[in-house]
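1. I need the structure of the sequence given here:
(chains A and B)
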2 protein chains.
Amino acid sequence: MNANARAYRLGDLNNETKFILTTVGIDTPDMLLDDVPDGTEVALVDHNENQQLMKILNKMRITHVIDHHKFGDLKTSDPIYLRFEPVGCTVTILTKLYRENNFAIDQKMAFLLTSAILSDTLHFRSPATTTDDRNILEYLIPLAKIDNITSYANSMFEVKSDLKGFSTRQIHFLDYKQYTFNNRTWGIGTGETCSMNKILERKDELLKEMNEEKK
Amino acid sequence: MNANARAYRLGDLNNETKFILTTVGIDTPDMLLDDVPDGTEVALVDHNENQQLMKILNKMRITHVIDHHKFGDLKTSDPIYLRFEPVGCTVTILTKLYRENNFAIDQKMAFLLTSAILSDTLHFRSPATTTDDRNILEYLIPLAKIDNITSYANSMFEVKSDLKGFSTRQIHFLDYKQYTFNNRTWGIGTGETCSMNKILERKDELLKEMNEEKK
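-> Residues are numbered from 1 along each chain as shown, chains lettered A, B, ... in the order given. Have a look, this model is predicted:
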């Protein structure tokens, strides 16, 4: 484990992530740009399917993949570090790595890690939640110094589910992935909200947008 | 990590492995037979390529893969536990798992683990040896209660490289794998020995055997 690494993002942040970063006071990571030198080492976190990877990653050298999804179609020419566990959130694995390697977790990092587990497991309401996720969150909360975890989780979810300011097209592509089943390409987009009616009111424009995309 | 599991082998043991088991006094694991119930859970250790797997494994449910090779073409329908590290020996990873999960390593198990690292890294002469392999071996030796590690390693290598009793065909398939490159199938067999001349004397019969297999 090499502690000297830098976080990059591959796309725009959703409102929940922006809220978390603002609350803890951490700057938004830079976007990974395609002027990155060929062969730069990269660790993929929370994603691994080739079809989801941007072209930029093809010219980088993947050395680590840490993920809780199914292993996809990634090919490497050499053996690399893979750490996949069927848990609710990749941060549960990342926190294990911190502990196994005796790396300190400061308050801001603990806050980010806590927020990720709350988000991915919907504060344990997701059926993908495991005992490991629960134990790791319990370990992180005191380090993150969050007094009322339920209230913090709820404010995260409220921010995430507020889709008022979003265009139909933005909702469509907020969390959008393409998959191939039976030789046909399927696009699946997820827009989470606590105000179901507000979304259902926009059903017609959403269907129109989806049909446009299919063309 | 579920501590309640049983070791099986997929093929015949080489002389080195037999020597190790006899020395420490552990019975040879049973061969995995094809009457194993459908859907039995299995952890693959030190191998992962589908083309190397026996038919038996196709009807089992793979839940864990722990390996130091390149990830191959394994497909699973669900997310599973994968732990791949680019180290010289898979036992280096296994020993980390013991420690991370606070499982005790008794003398016999430490002896097996030590022997595996010595074998795979050729007692650190293999270029694939990493700092992790060295550190883990250093940790294991006192637990294994082996006084003279160099002398023990040498006796292992002598046993392994004694190919006197083996037929040409047996040498051919001692450690044999098939790979596909450029749409052609290549078979690669490894016979290790300290007496190079003894093998070279059998070059003609080995080539004849290889040509037979190609037909």
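2. switch to C-alpha atoms for all contacts and neighbour counts from now on
-> Noted.
3. look up how far chain B lies from A:I56.
-> A:I56 is 22 Å from chain B, where distance means Cα to the nearest Cα, to the nearest Å.
4. now swap in A:T40 and tell me
-> A:T40 is 18 Å from chain B, by Cα to the nearest Cα.
5. how about that residue: what's its closest non-neighbour residue?
-> A:M60 (4.9 Å; Cα to Cα, 6 or more residues apart in numbering or on different chains).
6. quick one: contacts for A:I20?
-> A:L112, A:S115, A:M156 (Cα atoms under 8 Å, 6 or more residues apart in numbering or on different chains).
7. okay, it: pLDDT?
-> Per-residue pLDDT puts A:I20 at 97.
8. same thing with A:G72?
-> pLDDT, read off for A:G72, is 85.
9. which residue, other than its chain neighbours, is closest to it?
-> Leaving aside its chain neighbours, A:G72 sits nearest to A:E49 (4.7 Å; criterion: Cα to Cα, 6+ apart).
10. repeat that for A:I62.
-> A:V42 (4.9 Å).
11. that neighbour belongs to a helix?
-> No. Going by DSSP: H, G, I helix; E, B strand; the rest coil, the assignment for A:V42 is strand, not a helix.
12. pretty sure it is touching A:H64, no?
-> Yes. The pair A:V42 / A:H64 is scored as a contact, 7.0 Å apart, by Cα atoms under 8 Å.
13. between those two, who's got more neighbours?
-> Each of A:V42 and A:H64 has its neighbours counted (other Cα atoms under 10 Å in any protein chain shown); A:H64 has more, 20 against 17.
14. what helix or strand does A:V87 sit in?
-> Using DSSP states H and E, A:V87 maps to neither a helix nor a strand.
15. residues contacting the residue nearest the centre of chain A?
-> Centroid-nearest residue in chain A: A:D46, 6.1 Å away (criterion: Cα atoms, centre = their mean). Taking Cα under 8 Å, 6+ apart, we find A:D46 in contact with A:V65, A:I66, A:D67, A:H68, A:H69, A:T90.
16. tell me which element the second one is part of?
-> For A:I66, the element it lies in under DSSP H and E is strand A:61-67.
17. next SSE after that strand?
-> Heading C-terminal from strand A:61-67, the first helix or strand you meet, by DSSP H and E, is strand A:81-84.
18. buried residues in the strand holding A:I66?
-> Neighbour counts over strand A:61-67 (16 or more other Cα atoms under 10 Å in any protein chain shown) mark A:I62, A:T63, A:H64, A:V65, A:I66, A:D67 as buried.
19. again with stretch A:88-96
-> Buried residues in stretch A:88-96, defined by neighbour count with 16+ other Cα under 10 Å: A:G88, A:C89, A:T90, A:V91, A:T92, A:I93, A:L94, A:T95.
20. just to revisit the earlier point, strands paired with the strand holding A:I66, and their directions?
-> strand A:41-45 (parallel), strand A:81-84 (parallel) (DSSP bridges).
21. which residues does the longest one contact?
-> I take that to be strand A:41-45. A:M60, A:R61, A:I62, A:T63, A:H64, A:V65, A:I66, A:D67, A:T90.
22. what's the burial count for the residue nearest to A:E100 when sequence neighbours are not counted?
-> On the basis of Cα to Cα, 6+ apart, the spatially nearest residue to A:E100 that is not a chain neighbour turns out to be B:E100, at 6.7 Å. Counted with other Cα under 10 Å, residues neighbouring B:E100 total 12.
23. tell me which element A:T180 falls in.
-> strand A:176-181.
24. which other helices and strands contact that strand?
-> On a contact count with 3 or more Cα pairs under 8 Å, 6 or more residues apart in numbering or on different chains; DSSP states H and E, strand A:176-181 meets strand A:184-189.
25. tell me the strands beside the strand it packs on, with direction?
-> Here, using DSSP bridges, strand A:184-189 pairs with strand A:176-181 (antiparallel).
26. output the strand it pairs with as PDB, restricted to C-alpha atoms.
-> Output in PDB follows, covering the C-alpha atoms of strand A:176-181 (Å, rounded to 0.1, in the frame of the first residue of the first chain):
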ATOM      1  CA  TYR A 176     -26.600   6.400 -15.900                       C
ATOM      2  CA  LYS A 177     -24.900   3.200 -17.000                       C
ATOM      3  CA  GLN A 178     -25.100   1.100 -20.200                       C
ATOM      4  CA  TYR A 179     -25.100  -2.700 -20.100                       C
ATOM      5  CA  THR A 180     -25.200  -5.300 -22.800                       C
ATOM      6  CA  PHE A 181     -27.700  -8.200 -22.300                       C
END
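27. picking up where we left off before, ok now do the residue nearest to A:T40, which residues does it touch?
-> Per Cα under 8 Å, 6+ apart, neighbours of A:M60: A:P37, A:D38, A:G39, A:T40, A:E41, A:V42.
28. what about 7 Å?
-> By Cα atoms under 7 Å, 6 or more residues apart in numbering or on different chains, the contact list for A:M60 reads A:D38, A:G39, A:T40, A:E41, A:V42.
29. which of those residues count as buried?
-> Buried among the contacts of A:M60 (16+ other Cα under 10 Å): A:V42.
30. need the residues of chain A near chain B, please.
-> A:68-71, A:78-86, A:100 (Cα under 7 Å from any Cα of the partner chain).
31. what about the helices in chain A?
-> Applying DSSP state H to chain A gives helices spanning A:15-24, A:55-58, A:90-100, A:107-120, A:131-144, A:149-161, A:168-173, A:196-200, A:203-214.
32. perfect, that will be all.
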